[in-house]
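Asker: Mind looking at a prediction? Sequence and model below.
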Amino acid sequence: MSELLAALSRRLGGIAFGGDYNPEQWGREVWLEDVALMKKAGVNLVTVGVFAWASLEPTPGEFTFEWLDDVLNLLHENGISVDLATPTMAPPVWLSHGHPEVLPIREDGYPFGFGNRLHYDPASPRYREAAARIAGAIAERYAGHPAVAMWHVSNEYGPTSWGGASADAFRAWLQKRYGTLDALNDAWYTRFWGQRYTAWEQVSPPEIPRTWSNATRRLDFKRFASDVLLECFQLERDIIRRHSDLPITTNFMRFYKNADYWAWAPELDAVSLDIYPNPGEPDSRVAAALNFDLMRSLKDGPWILMEQAASSVSQWQVNNVKRPGMMRAGSYQAVAHGADTVLFFQWRASRGGHERFHSAMLPHSGTGARSWQEIEALGNELGRVAEVTGSTSAADVALVFDWSAWWGLMDTHGLPRNDWDYATLATQWYRPLLESHVAVDLAGFASDLSRYRVVVVPNAYLVTEAFAERLAAFAEAGGTVVIGMFSGVVNEDNEVMQPAYPGAFRSLIGAYVDEYWPAREGESFTVRLASGAAAAADWWQDSMTLESGSALAVYEGGLLDGRPAVVENRYGAGRVVYLGTRLEASAFAALIDGVVADAGVAPVVADAPAAVEATLRSKGGVDYLFLINHSEADAARVGLPRDGVDLLTGSPVSGSLSLAPLGVAVVRCG
Ligand code: GLA
């Protein structure tokens, strides 16, 4: 666990509670009211300055820090710590107007204009120079300020530019990756469609193609786009580090495809996440839990919930509110999965601008509002669970979630079907584990798998050789592996591996696929499971032949009648299960649950409804059992594996406990 994050928790005396604070939108009399209300609500940390570049540097090189001095002093005098941001997500108009080359070029060749945010080409030397100047000035001025507790570099790194400086940087990136043009031509398989390059200056980002662009060129551009953004983070981080030893982070996003967070995480002192599950779809809590487990796994320890909504957002067609109790349940859900903070976007609702209807801790309707009262109550309750900070979780199951696999499956086109949604697929595989209360870590291709009993791979269409070897070694040594359809097909260069298919996993799964059969529109299949039960399947069929494996399910009827749909293979001391189709949810859940149980993995609680989330965090020999009932309508009874004390009520609990709809318990066991 990061010592720096532990020091932050010690400084704050427990869970950090607060959010983005944008005082530049208000006058001083409002700031005075803000700090008074923050204290009332138990706020101990606010993120300041995220969008303040234009207010801090109104003309190039002329800084107006006085107002920020005042704000930081005021916060400090009132015992509120600051997560100080560099404002480089929203460059001022003087930069884009005076130097239009800083604007990112869209895929269609047009520049993205000013008037939103993220309007910068991450490779632009002019942007980087200006970002370094403001970040340096802020770090130098405030590194010693007693309010500052951590640093927040920029915000939600995200833009991709298809032209300008990024095009040059892409070529340089490729030169570094391949060394020679011949190596690039080989990797990109440019003999196909006569795409051979004869000079580096001919190579460019993948423009909008007449038909289809080169699949490996697209893949490399995704890799580059993540790396070039990371360079921006590193630039500012290194500048701040020269002035301060406090933790430095930047905020990640839910299922964000354009930045490989496995590559980013080691560069951050603490991982942070912004998440906005749609309260209109209560089921969105499953994907939220997956994202939380991903954040915990990225650095194998506590992380920072940097932004969530107090109630509704303003980004969808219909923006539903978080009904009474949902904000609290969602906040504890993050803590249950390892967050040591409960932070929001934003403290006070803006009166204008695009997000004027995005909820805030302090809403337009003020302290009489229902949502404020829930915020105030939560802020004053979190002290009861202060002792959980710094605790960690262990899992026997790893779910593989890797950006290369994601990009290969979704960004390169030309596959047997091209409507995959990698994140949805991962969520579908994660759901039965969550609902059976099995602890799950997320793993990337480069992660160490040896500490797990079970590794599940929802999809790895593209694999690295090293990952394929590690997975085989894991099985060989006695591990259980479950792999989803259309995995192990291509290598890192997006070239079909031999012997096909799936070249990377053929001996592992003990079967080969002679053809991938995407389902026709509306088509479904019947499979007969080893138990004798029948189940429906759809979406996809592998036309599969057994080698060393045996069938766990076979198709019944149809063109593949009697052929394997799910195979099982003994591999070394281990077991491998491969699904060549998409089973209906209940059959899929039963299969996953069975495989996990056969591997000797115990759930966190054995006796709880699926709507209850159960996780365990541990520290210094003490276990904290988190129970969250996500049902809005039904109370839930949970059989407790051990007796303990519910930290939220202070009462001893034993045998079982009952959770109200959206109710939460945090049981210190022992
Ligand atoms: C993101 C941003 C915030 C805000 C919120 C709410 O997470 O970081 O600035 O826009 O979304 O939409």
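Answerer: The structure has been received and is ready for your questions. Numbering: from 1, shown residues only.
Asker: helix/strand/coil for residue 313?
Answerer: Of the three states, residue 313 takes coil according to DSSP: H, G, I helix; E, B strand; the rest coil.
Asker: wait, doesn't it sit right on residue 346?
Answerer: No: counting by Cβ atoms under 8 Å, residue 313 does not reach residue 346; the two are 11.5 Å apart. C-beta here means a position set from N, CA and C on the backbone, and glycine is covered the same way.
Asker: Compare the two and say which is more crowded by neighbours.
Answerer: Per other Cβ atoms under 10 Å, whichever of residue 313 and residue 346 has more neighbours is residue 346, with 25 against 20.
Asker: Give me the nearest residue to the more buried one, chain neighbours excluded.
Answerer: Distances taken as Cβ to Cβ, 6 or more residues apart in numbering put residue 20 closest to residue 346, at 4.1 Å, once the chain neighbours are dropped.
Asker: roughly how far apart are the one you found and residue 653?
Answerer: For residue 20, the distance to residue 653 (Cβ to Cβ, to the nearest Å) stands at 36 Å.
Asker: of the two, who's got more company?
Answerer: residue 20 (26 against 21).
Asker: How about the contacts made by the more buried one?
Answerer: 46, 47, 50, 307, 343, 344, 345, 346, 347 (Cβ atoms under 8 Å, 6 or more residues apart in numbering).
Asker: what about the third one, which SS state?
Answerer: When you say that, I think you mean residue 50. coil.
Asker: quick one: residue 373 from the ligand, how far?
Answerer: 22 Å (Cβ to the nearest ligand atom, to the nearest Å).
Asker: Do you know the pLDDT at that residue?
Answerer: Note on residue 373: pLDDT of 98.
Asker: neighbours around it, how many?
Answerer: Count around residue 373 with other Cβ under 10 Å applied: 13.
Asker: which non-adjacent residue is nearest residue 497?
Answerer: residue 503 (2.6 Å).
Asker: do residue 292 as well
Answerer: residue 337 is the one closest to residue 292 (Cβ to Cβ, 6+ apart), at 3.4 Å.
Asker: Quick check: which element contains the closest residue to residue 420 other than its chain neighbours?
Answerer: In space, and not counting its chain neighbours, residue 420 is closest to residue 409: 4.9 Å by Cβ to Cβ, 6+ apart. Element membership of residue 409 [criterion: DSSP states H and E] is helix 403-411.
Asker: And the helix or strand following that helix, what does it pack against?
Answerer: Downstream of helix 403-411, the first helix or strand assigned by DSSP H and E is helix 422-435. When contacts are defined as 3 or more Cβ pairs under 8 Å, 6 or more residues apart in numbering; DSSP states H and E, helix 422-435 packs onto helix 284-298, strand 397-400, helix 403-411, strand 440-443, helix 585-598.
Asker: same thing but 10 Å
Answerer: helix 284-298, strand 397-400, helix 403-411, strand 440-443, strand 454-457, helix 585-598, strand 612-619 (3 or more Cβ pairs under 10 Å, 6 or more residues apart in numbering; DSSP states H and E).
Asker: can these go into JSON lines with extra columns for distance to the ligand, mean neighbour count and mean pLDDT?
Answerer: Conversion of the helices and strands packed on helix 422-435 to JSON lines gives the following (distance: least, Cβ to the nearest ligand atom, whole Å; neighbours: other Cβ atoms under 10 Å; pLDDT from 0 to 100):
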{"stretch": "helix 284-298", "distance to the ligand": "13", "mean neighbour count": "24", "mean pLDDT": "98"}
{"stretch": "strand 397-400", "distance to the ligand": "25", "mean neighbour count": "24", "mean pLDDT": "99"}
{"stretch": "helix 403-411", "distance to the ligand": "20", "mean neighbour count": "22", "mean pLDDT": "97"}
{"stretch": "strand 440-443", "distance to the ligand": "21", "mean neighbour count": "24", "mean pLDDT": "98"}
{"stretch": "strand 454-457", "distance to the ligand": "29", "mean neighbour count": "26", "mean pLDDT": "98"}
{"stretch": "helix 585-598", "distance to the ligand": "31", "mean neighbour count": "17", "mean pLDDT": "98"}
{"stretch": "strand 612-619", "distance to the ligand": "23", "mean neighbour count": "21", "mean pLDDT": "98"}
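Asker: I'd like those laid out as JSON lines, including distance to residue 524.
Answerer: Output for the helices and strands packed on helix 422-435, formatted as JSON lines (distance: least, Cβ to Cβ, whole Å):
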{"stretch": "helix 284-298", "distance to residue 524": "24"}
{"stretch": "strand 397-400", "distance to residue 524": "26"}
{"stretch": "helix 403-411", "distance to residue 524": "23"}
{"stretch": "strand 440-443", "distance to residue 524": "29"}
{"stretch": "strand 454-457", "distance to residue 524": "24"}
{"stretch": "helix 585-598", "distance to residue 524": "12"}
{"stretch": "strand 612-619", "distance to residue 524": "31"}
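Asker: what about stretch 381-388, start to end distance?
Answerer: 13 Å (Cα to Cα, to the nearest Å).
Asker: most distant residue from the middle of this structure?
Answerer: Going by Cα atoms, centre = their mean, the residue of the chain most distant from its centre is residue 557, 40.8 Å out.
Asker: Identify the spatial nearest neighbour of that one, chain neighbours not counted.
Answerer: Nearest to residue 557 is residue 526, by Cβ to Cβ, 6+ apart, at 5.8 Å.
Asker: and that neighbour, what helix or strand is that in?
Answerer: Per DSSP H and E: strand 524-529 holds residue 526.
Asker: neighbouring strands for that strand, and are they parallel or not?
Answerer: Strand pairing for strand 524-529, using DSSP bridges, gives strand 534-546 (antiparallel), strand 550-555 (antiparallel).
Asker: avg pLDDT for it?
Answerer: On average, strand 524-529 scores 97.
Asker: Okay, buried residues for it please.
Answerer: Judged by neighbour count using 16 or more other Cβ atoms under 10 Å, the buried positions of strand 524-529 are 525, 527, 528, 529.
Asker: Just want the angle from that strand to helix 585-598.
Answerer: Strand 524-529 runs at 30 degrees relative to helix 585-598, counting by axes from the mean of the first three to the mean of the last three Cα atoms, to 10 degrees.
Asker: quick revisit: who's in contact with the residue nearest to residue 497?
Answerer: Counting by Cβ atoms under 10 Å, 6 or more residues apart in numbering, residue 503 makes contact with 463, 468, 488, 489, 490, 491, 495, 496, 497, 512.
Asker: how many neighbours does the fourth one have?
Answerer: It refers to residue 489. 27.
Asker: roughly how far apart are it and residue 513?
Answerer: From residue 489 to residue 513 the distance is 9 Å (Cβ to Cβ).
Asker: Overlap in contacts, the two.
Answerer: 500, 501, 502.
Asker: ok, now which ones touch the last one?
Answerer: With contacts taken as Cβ under 10 Å, 6+ apart, residue 502 has the following neighbours: 460-461, 463, 468, 483, 485-490, 496, 508-509, 511-513, 516, 542, 578, 580.
Asker: and these, which are buried?
Answerer: 460-461, 463, 468, 483, 485-490, 508-509, 511-513, 516, 542, 578, 580.
Asker: list the residues that contact both of residue 313 and residue 346?
Answerer: 355, 358, 359.
Asker: Can you tell me which of these is nearest residue 642?
Answerer: residue 359 (37.8 Å; Cβ to Cβ).
Asker: I'd say that closest one and residue 347 touch.
Answerer: No: if you go by Cβ atoms under 10 Å, residue 359 and residue 347 don't touch, sitting 11.4 Å apart.
Asker: Quickly list what's touching both of the two.
Answerer: With Cβ under 10 Å, 6+ apart, residue 359 and residue 347 have common neighbours 310, 375.
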